[in-house]
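>>> With the sequence up front, the predicted model follows.
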Amino acid sequence: MEIFEIKKLIKEGLTVHIKYNGEWGGVDPYYEKKTGNFYECFYKEVNTIVYDIDDAMNLPFVDGKSLNEIVGELEDVDW
């Protein structure tokens, strides 16, 4: 799956689960009236909130790497 496809799914409000090095993680989009959109990025013990979709794509939350960096190495993608 291409990175633009993953980003599109997240922007549409879908939680995208990724499998990398045998572990599951992903990006979970949320919306709150007070804060607007935010994205929970999770993998193993890392759980980080960012407020911009590009930050979610560039955040090194997967073993120190971002989704943009590892998209070609993902073992599975689900939503």
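Received it, and whenever you're ready, just let me know what you need.
>>> Run through the neighbouring helices and strands of the longest strand along the chain.
If you go by DSSP state E, the chain has its longest strand at strand 23-32. Identification of packing neighbours for strand 23-32 by 3 or more Cβ pairs under 8 Å, 6 or more residues apart in numbering; DSSP states H and E yields helix 3-11, strand 16-20, strand 36-43. (C-beta placed from N, C-alpha, C; glycine too.)
>>> give me every residue that touches the residue nearest in space to the middle of the chain.
For the chain, Val27 is the residue whose C-alpha lies nearest the centre (Cα atoms, centre = their mean; 3.1 Å). Counting by Cβ atoms under 8 Å, 6 or more residues apart in numbering, Val27 touches 10, 15-16, 39-42, 56, 67.
>>> Which one of those residues is nearest to Asp76?
Closest to Asp76 out of the contacts of Val27 is Val16 (10.9 Å), distances taken as Cβ to Cβ.
>>> Ends of stretch 56-71, what's the gap?
Chord length of stretch 56-71, first to last residue, is 13 Å (Cα to Cα, to the nearest Å).
>>> Does Lys19 touch Ile70 like I think?
No - counting by Cβ atoms under 8 Å, Lys19 sits too far from Ile70 to count as a contact (10.8 Å).
>>> No more questions from me, cheers.
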